[in-house]
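>>> Pasting the sequence and the predicted model now:
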Amino acid sequence: MKSINISTISRSVHVLLAQPAKAAPHQIKLIHHLAAQQQAPIHHQSQQQQQQQQYRQKRLACNTALCSGKCKKSARRQLEAVSGGSPVSHKHTGNVAHAVEHGPEVSRHDLDQILEVSISPDGQLARIPYMWLRDHCRSKRCFNHNTQQKIPDLQLLERDLTPQSVLADDKNLSIKWRDGHETQYSFDWLAEHFYPGQFSKRTKRAMWDKKKINSGPLPAVPFEYHMNSEEGLRQSLQNLVKYGFTMVTEAPPTAEGTRQASERVSPIQESMYGGLWTVSPAMGNNDTAYTHEGLGAHTDNTYLSSPAGIEVFHLLEHDGTGGESLLVDGFNAVDTVRQEDPEAYQTLRDTLIPFEYMATAADGKPPYLLKAYSPIFTEHPGTGELLTFRFNAYDRGTLDTVEPSQLPKFYKAYQHLSQVISRPESEFWYKLSPGTVLLVDNWRVMHGRGAFTGFRLLSGCYLSRDEWVSEARRAGVL
Ligand SMILES: C[N+](C)(C)CCCC[C@H](N)C(=O)O
Ligand SMILES: O=C(O)CCC(=O)C(=O)O
């Protein structure tokens, strides 16, 4: 490391590491005994709840025999100051060194220690507990870099998690622990992994409605570019992450074109509909999809524990009228409900509902009886971002999960979401034509179609969630 910024940290003293003469952009200091969780961005808590929690945690952290008592006063003072948004810096005055003799108590005490460091381009400070840093040690002894697997350390909680020294240059942070173990992390890695989504997001998601999606060029990549260029594929994957759908244009207007455009993203997923399937009226399948009827916006496979990740649509033939494709951003619909009626949002998030489907099996075999329970949407547990969405008014099962007294509340929330979904301003209608392959993130964006006349032949397939998301990660867009 070139510009070394060292301090040997005395265990009982709050230490501020001095900036080196040629200042590294990463400010480093150690805050002794600062309760770890108090800085977590608990997104769905009010500021008041957060303040109360911070105060409780500080009291908890200091209610050990280790503290001289000044911490409580300091915590109270900070609580008063929090409303002004002043940065918290909490000095512990307890004699930690003395407490070492008291065994496990000490480890718990050590867990509260935090490294405060700016790792984001905007200089925002991350307060990273040493416990987390040690748990995420990337040394060969702790991590298999070939498989990205941890080599578990079952004694982690019994270790002394105070660092002996913390070094940094402008790229890396390096910690020497008191048990002699050494760890190095790049600041880029920390920015990406400590609280996912807090500091860095490779592709920012753009939620859309009819107006927004029509206000710019549609997410689309020409077939040749999609197939033969890494950058072309990256753009397709980026569109999927950003908008929840993308089109591959100028593709061969055949089922083979569907297959090629799809397999470029990830292998086609087999399901009870086959691998590469076609849909046309009167195919003998009983599902509404195989009729001339219009289909309201929905996601597919709601009745499976893990619905298909992407659904691909490619219109190969149509000799009649109607049959336009409909797309609605499920995340945007949920977010609209959140703004218009926060209680309805919570109700939908917290209610598991059943989805059911009896699927025809091939070769006269008995049908599949499929059923899954899920809330309509889920949030990322760390960031609160929307994570999954499933909505299918056709395949929603008999509601046996809501207590009778809660039914009015549930139906009010469900109706609200259904209405938002069917508002004309939510709907993006598009007439597909042979050669345009549409890929839709089935965990976010709903699809449907207008009623039609004549013969209409649609080719398509499913791609697995894990596989396409893995490709998106590999391409660096997620
Ligand atoms: C896509 N494909 C036409 C093959 C099947 C359509 C299945 C529709 C079913 N109700 C569901 O939501 O999964
Ligand atoms: O016919 C279409 O355009 C869409 C059919 C559909 O919704 C489905 O197959 O899931």
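Now that the structure is in, tell me what you want to look at. Numbering: from 1, shown residues only. Ligands and ions are numbered 1, 2, ... in the order given.
>>> low pLDDT regions in the stretch 51-200 of the chain?
Residue ranges of the stretch 51-200 of the chain with pLDDT under 70: 51-112, 120-124, 195-200.
>>> which stretches of it form helices?
Along the stretch 51-200 of the chain, counting by DSSP state H, counting those that start in this stretch, helices occupy 70-82, 96-99, 104-111, 130-135, 187-193.
>>> near ligand 2, which residues of the chain?
Selection of the chain residues close to ligand 2 by Cβ under 6 Å from any ligand atom yields 279, 289, 295, 300, 313, 325, 447, 449, 458. C-beta here means a position set from N, CA and C on the backbone, and glycine is covered the same way.
>>> what's the last one in contact with, if anything?
Contacts of residue 458 were listed using Cβ atoms under 8 Å, 6 or more residues apart in numbering, and they are 278-280, 313-316.
>>> Residues in a beta bridge with it, which ones?
Following DSSP bridges, residue 458 is listed with bridge partners residue 279, residue 315.
>>> okay, it: pLDDT?
Per-residue pLDDT puts residue 458 at 97.
>>> could you check the distance from it over to ligand 1?
Distance of residue 458 to ligand 1, computed by Cβ to the nearest ligand atom, to the nearest Å: 8 Å.
>>> The second one now?
The span separating residue 289 from ligand 1 equals 4 Å under the rule Cβ to the nearest ligand atom.
>>> Is residue 417 in a helix, a strand, or coil?
helix (DSSP: H, G, I helix; E, B strand; the rest coil).
>>> Not counting its neighbours along the chain, what's nearest it?
Spatial nearest neighbour of residue 417, excluding adjacent residues (Cβ to Cβ, 6 or more residues apart in numbering): residue 337 at 5.3 Å.
>>> and that neighbour, how many residues sit next to it?
26 (other Cβ atoms under 10 Å).
>>> Are we agreed that residue 443 is in a strand?
No: assessed with three-state DSSP, residue 443 is coil; it does not lie in a strand.
>>> Enumerate the residues of the protein near ligand 1.
273, 277, 279, 287, 289, 300-301, 357, 392, 394-395.
>>> Report the contact partners of the residue in the stretch 101-250 of the chain that ligand 1 sits nearest to.
Ligand 1 sits closest to residue 245 of the stretch 101-250 of the chain, with a gap of 15.5 Å, by Cβ to the nearest ligand atom. Residue 245 makes contacts with 219, 239, 327, 438-441, 445, as judged by Cβ under 8 Å, 6+ apart.
>>> Verify the contact between the residue nearest to residue 417 and residue 348 for me.
Yes: counting by Cβ atoms under 8 Å, residue 337 touches residue 348, with 7.0 Å between them.
>>> Pull up the overlap in contacts between these two.
Residues touching both residue 337 and residue 348 (Cβ under 8 Å, 6+ apart) are 413, 417.
>>> ok, now which ones touch residue 425?
Counting by Cβ under 8 Å, 6+ apart, residue 425 has contacts 209-211.
>>> backbone phi and psi for it, please?
Main-chain dihedrals, residue 425, degrees, to the nearest 10: phi -70, psi -10.
>>> that older thread, quick one: least confident of the residues of the chain next to ligand 1?
When these are compared by pLDDT, residue 287 scores lowest at 82.
>>> ok, that one - contacts?
Applying Cβ under 8 Å, 6+ apart to residue 287 gives the contacts residue 360.
>>> can you rerun that using 10 Å?
273, 279, 295, 357-360, 394-395 (Cβ atoms under 10 Å, 6 or more residues apart in numbering).
>>> I'd like the next helix or strand past the helix or strand that contains residue 258.
Here residue 258, judged by DSSP states H and E, is contained in helix 255-263. As assigned by DSSP H and E, the chain's next helix or strand after helix 255-263 is strand 268-269.
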